[in-house]
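>>> Sequence first, then the predicted structure:
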6 protein chains.
Amino acid sequence: MSDPRPLLPPVSDAEADPRVTAVFDDIRAVRRTDLVNNFWRALANDPAALERTWAEVKAVMGDGALDPLTKELVYIAVSVTNGCEYCIRSHTAGALAKGLDDAGLAELLSVIALANKTNALVNGLRPPVDAAFR
Amino acid sequence: MSDPRPLLPPVSDAEADPRVTAVFDDIRAVRRTDLVNNFWRALANDPAALERTWAEVKAVMGDGALDPLTKELVYIAVSVTNGCEYCIRSHTAGALAKGLDDAGLAELLSVIALANKTNALVNGLRPPVDAAFR
Amino acid sequence: MSDPRPLLPPVSDAEADPRVTAVFDDIRAVRRTDLVNNFWRALANDPAALERTWAEVKAVMGDGALDPLTKELVYIAVSVTNGCEYCIRSHTAGALAKGLDDAGLAELLSVIALANKTNALVNGLRPPVDAAFR
Amino acid sequence: MSDPRPLLPPVSDAEADPRVTAVFDDIRAVRRTDLVNNFWRALANDPAALERTWAEVKAVMGDGALDPLTKELVYIAVSVTNGCEYCIRSHTAGALAKGLDDAGLAELLSVIALANKTNALVNGLRPPVDAAFR
Amino acid sequence: MSDPRPLLPPVSDAEADPRVTAVFDDIRAVRRTDLVNNFWRALANDPAALERTWAEVKAVMGDGALDPLTKELVYIAVSVTNGCEYCIRSHTAGALAKGLDDAGLAELLSVIALANKTNALVNGLRPPVDAAFR
Amino acid sequence: MSDPRPLLPPVSDAEADPRVTAVFDDIRAVRRTDLVNNFWRALANDPAALERTWAEVKAVMGDGALDPLTKELVYIAVSVTNGCEYCIRSHTAGALAKGLDDAGLAELLSVIALANKTNALVNGLRPPVDAAFR
């Protein structure tokens, strides 16, 4: 059922207007790679959305109260729960690059699976929130 | 629209059969608290499900390749994405008890929100998975 | 966070126009009860939607290749997965009225929970579909 | 992981029974096209479900208080949020045929993405509903 | 099961630091109202997230290729699909203020409901994407 | 957008350690088949998760208050709602092997679709829970 073509055509380096080129350059500089992956090339059809989303990724995913690897794990948890394949594959690659190993990935999946299981149990049982959690 | 009563009645300490009592005692011992929260009391209507789920929580949520606080953050990410209020409140309480502060919680929510946003962008744009992520 | 008022006001018997009254009467006749529950009263703000949805419920939820109780269990499984409280409570009431007991309800929740867990594992592991399943 | 075969075989024009043929003819007439797309051919395994669903699409998606293009955008928003690829591709084609251009599509995706982001923030922060919204 | 307290305390005007006050003032000016609703007050615990999200709302939800009311309808469609009550109530209020009437709201809900229904049919039937949609 | 490779490599019989071999043997014995399908081979990268999940499947999916075919239908309902293709295909195969026919499958999909539709209507209308359902 899957179709490899994106809904909007990927923007190549040659087609990029100056605003898009500036973001692509910054992605390469911040990530220390030549790769501008297909998500950004698809989003580049809307330069304002590209700028806004890349700025948000830089502000949110960097080091802060939580470290960048932890943030990748949280990102994967959301993406697995939503069933977003591209998101799972790209952020798993990101987490492995930041130090996650196969044992950590397996453990992460067990936590995500358990959370989805107990979320369903709670939805079905509907226990009242304990006073201690308020 | 919300109704405070659970679908199955909470099992009190007095009503608990020996299998349930054994799990409740272990919850208290492992967590070093007197509280057996309402999720476990609702699940205790099915002693086998109670035993199985508590054993899984102990096996999965403890220290391993990932630390217990990181696992709580992953749990919250799943629960927020699924919109499970009890789960969010109970595991936020758990994360705060394990050292998360308000700045970390706010940062966590920004990561979860960004992931849900970009999951939607990917779903809509459908970029092909880059060779580099395979 | 919950607010008990519906987005559109419930339509009382006195306010019902003839199309709405006809559906309400049929609900009472088919279900052998005086109760027209709040879902139908809210939907009655749009008589065409009320007629269409009630006709669909009658066509789909009755006896057929699958029996009515099995259909209620399937309905609950969807509603728990979507976290729809009203749906869970109304169709659990329906299933209990059709013969489900507390042991069956607990078992149902264990199946729903397991399915949500393994769905997450599959989303994260992404195994290829086996030739045997095609 | 994807498999191009549907779970139930598509019904060709030659295999269609009279009830199915009548719906296929009406689809072609209403949409002024020869194409009966694969969704309807799969659903045609159950002629009653085909009739019911096509009647609903005609009743709901036509001109009314909301115009047909707006309804396509709403449909896409649901489909992106649910991650249903076939639905996204077929209704994006429908919206483009009804006048949406690439700029409108990009803007639509930004709204859908923002809504999924703020839904997550609300789920995590759980602000009480303001009196002004009641 | 619902608990009226937010996870992070609402920030009152008196407690707001200058960055928060600037956003609150801009919300009031842009929306021509004195109300700063509870979502923004909860988000204000993280001034950077508040600034970023409000800037995004202004950039995305204003007039453009799509009009503001259409964008509110899309927002509601996402929020209903995700089951986010606060989001549904606040954006329904927004849509009504922008001209939606009760008939339009009822019609909107019928479209959202139909889309969720056919998304499920597609997920279950898995028809291949037609060549015409590519 | 789909990629046929799993995130963790499938474990072949030759590579399996004794704990994995024991589970694979039990899967074959319980299911009276030589096939160990790809889900279990991917999960086998984490022998503890494999043991735990297989034990849960045996405990939950067997005969009890509900029969095994009904449980497969519930599993499919969850998987369709979550959009998990592998899960839908593997459990549809399981249900067909347990006696479901094409008419039953079509009826099942109509129930799942209706439930997703009315869940959306309830989310949008937010009727209060009737006293009779409590």
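Arrived safely. The shown structure was predicted, so the numbers you read here are calculated from the model rather than taken from an experiment.
>>> show me the contacts for the residue of chain A found nearest chain C.
When scored by Cβ to the nearest Cβ, chain A has A:K117 as its residue closest to chain C, at 3.7 Å. The C-beta positions use only the backbone N, C-alpha and C, and glycine is treated the same way. Residues near A:K117 by Cβ atoms under 8 Å, 6 or more residues apart in numbering or on different chains: B:53, B:56, C:113-114, C:116-117, C:120.
>>> Not counting sequence-adjacent ones, nearest residue to it?
The shortest distance from A:K117 to any non-neighbouring residue, by Cβ to Cβ, 6 or more residues apart in numbering or on different chains, is to C:K117 (3.7 Å).
>>> element containing that neighbour, please.
Secondary structure from DSSP states H and E places C:K117 in helix C:102-125.
>>> again, but for A:T92
Taking DSSP H and E as the definition, A:T92 sits inside helix A:85-97.
>>> does any part of that helix sit near chain B?
Yes: with Cβ under 8 Å from any Cβ of the partner chain as the criterion, chain B is reached by helix A:85-97 at A:85-87, A:89-90, A:92-93.
>>> Mind putting these into CSV with neighbour count and pLDDT?
Below are the residues of helix A:85-97 next to chain B laid out as CSV (neighbours: other Cβ atoms under 10 Å in any protein chain shown; pLDDT from 0 to 100):
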residue, neighbour count, pLDDT
A:E85, 24, 96
A:Y86, 28, 97
A:C87, 23, 97
A:R89, 22, 96
A:S90, 24, 97
A:T92, 24, 97
A:A93, 18, 95
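>>> Pick the one among those closest to F:L100.
A:E85 (28.1 Å; Cβ to Cβ).
>>> Now do that closest one against B:V122, distance only.
9 Å (Cβ to Cβ, to the nearest Å).
>>> next one: A:E51
In this view, A:E51 and B:V122 are 18 Å apart by Cβ to Cβ.
>>> Comparing those two, which residue is more hemmed in?
Comparing A:E51 with B:V122 by other Cβ atoms under 10 Å in any protein chain shown, the one with more neighbours is B:V122, at 28 against 18.
>>> wait, doesn't the more buried one sit right on A:G83?
No: using Cβ atoms under 8 Å, B:V122 makes no contact with A:G83, being 11.0 Å away.
>>> Just want the phi and psi numbers for the nearest residue to A:A103 once chain neighbours are set aside.
Nearest residue to A:A103, sequence neighbours excluded (Cβ to Cβ, 6+ apart): B:A65, at 4.5 Å. Per-residue torsions, B:A65: phi -60, psi -30 (degrees, to the nearest 10).
>>> give me the number of residues near B:A65?
Going by other Cβ under 10 Å, the residues that sit close to B:A65 add up to 14.
>>> Need the pLDDT of it.
Note for B:A65: predicted pLDDT of 96.
>>> any idea how far A:A106 is from it?
For B:A65, the distance to A:A106 - Cβ to Cβ - is 8 Å.
>>> Specify the residue ranges that define each domain of chain A.
Domain assignment for chain A by automatic domain parsing gives A:9-61, A:63-134.
>>> Please produce CSV containing those domains, extended by distance to D:V60.
Compiled in CSV, those are given as follows (distance: least, Cβ to Cβ, whole Å):
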stretch, distance to D:V60
domain A:9-61, 30
domain A:63-134, 26
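>>> what about A:A55, how many residues close to it?
Around A:A55 sit 15 other residues, with neighbours defined as other Cβ under 10 Å.
>>> That one: which element?
A:A55 belongs to helix A:47-61, assigned by DSSP H and E.
>>> Show me what that helix is packed up against.
Counting contacts by 3 or more Cβ pairs under 8 Å, 6 or more residues apart in numbering or on different chains; DSSP states H and E, helix A:47-61 packs against helix A:18-31, helix A:38-43, helix A:68-82, helix B:102-125, helix D:102-125, helix E:47-61.
>>> residue ranges with poor pLDDT in chain A?
Chain A contains residues with pLDDT under 70 at A:1-4.
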